[in-house]
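# Please find the sequence and the predicted model below.
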Amino acid sequence: EAGVAQSPRYKIIEKRQSVAFWCNPISGHATLYWYQQILGQGPKLLIQFQNNGVVDDSQLPKDRFSAERLKGVDSTLKIQPAKLEDSAVYLCASSLLSGRTDTQYFGPGTRLTVL
Amino acid sequence: SQQGEEDPQALSIQEGENATMNCSYKTSINNLQWYRQNSGRGLVHLILIRSNEREKHSGRLRVTLDTSKKSSSLLITASRAADTASYFCVIQGAQKLVFGQGTRLTINP
């Protein structure tokens, strides 16, 4: 079974530039998550999708971050404009059902460096 | 805060020894999960224990949950070099899955 795919694996940008990350979840998984993990910390949930609807985006900085999950499969996370403090690893995860007691499967992450 | 807090923040032991990590939390939970993160395999789910369970085993892993004390422990027996990783206690409340800061475990040969 193929795992969660993410691209790119690494990205370096200047502050105030824009960046986009892509995630392809495990086939058939209804729920998709985006996490931000700053060095030395645990992952922080940014947004959770159930199919193509948003379940939780309470910790998403909506003035600069946006995410979509078209057709309930792939998802993109965008940052515009980026700030220095956005340097982190962005993890995508998926789970089969609603996630309440469901195992999440994580992708390898995208390491973003903002200079 | 719904976040679990792991203790210790870092742990270094010799290969073959047992490693114990603890997690404390403040809110009521539906379940508690442990995840491992290393550079090789990324973030991987280890084990889930439900709020009505007290102990669970999976291979060399043993997890306990004491809801009266709002705490959990993860025991790794007969540690191996491959167990070197960060271990996260993950609290699952009403909807969210909240990660703690993690315990950094180093297994020395």
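That came in fine, so what should we check first?

# Report all helices and strands that the helix or strand bottoming out on mean pLDDT in chain A contacts.
Here the helix or strand of chain A ranked lowest by mean pLDDT, DSSP states H and E is strand A:53-56, holding a mean of 90. On a contact count with 3 or more CB pairs under 8 Å, 6 or more residues apart in numbering or on different chains; DSSP states H and E, strand A:53-56 meets strand A:44-50. (C-beta placed from N, C-alpha, C; glycine too.)

# Summarise which helices and strands the strand it packs on is packed against.
strand A:31-37, strand A:53-56, strand A:65-68, strand A:75-79, strand B:97-99.

# re the thing from before, name every strand pairing with the least confident helix or strand of chain A and say which way it goes.
Note on strand A:53-56: by DSSP bridges, its sheet partners are strand A:44-50 (antiparallel).

# mean confidence for the partner strand?
For strand A:44-50, mean pLDDT rounds to 93.

# Also stretch B:99-108?
93.

# List the buried residues of it.
B:99, B:100, B:101, B:102, B:103, B:104, B:105, B:107 (16 or more other CB atoms under 10 Å in any protein chain shown).

# Tell me the bridge partners for residue B:37.
The partner residues for residue B:37, given DSSP bridges, come to residue B:43, residue B:86.

# What residues does it make contact with?
B:43, B:44, B:85, B:86, B:87, B:88, B:102 (CB atoms under 8 Å, 6 or more residues apart in numbering or on different chains).

# Buried ones only from those residues, please, as a PyMOL command.
Paste this into PyMOL to select the buried members of these, with burial taken from 16+ other CB under 10 Å:
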select buried, chain B and resi 43+85+86+87+88+102
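
# excluding its backbone neighbours, what's nearest the residue of chain B found nearest chain A?
Minimum separation of chain B from chain A (CB to the nearest CB) falls at residue B:99, amounting to 3.4 Å. Closest residue to residue B:99 in three dimensions, ignoring its sequence neighbours and counting by CB to CB, 6 or more residues apart in numbering or on different chains: residue A:42, at 3.4 Å.

# Good, wrapping up.
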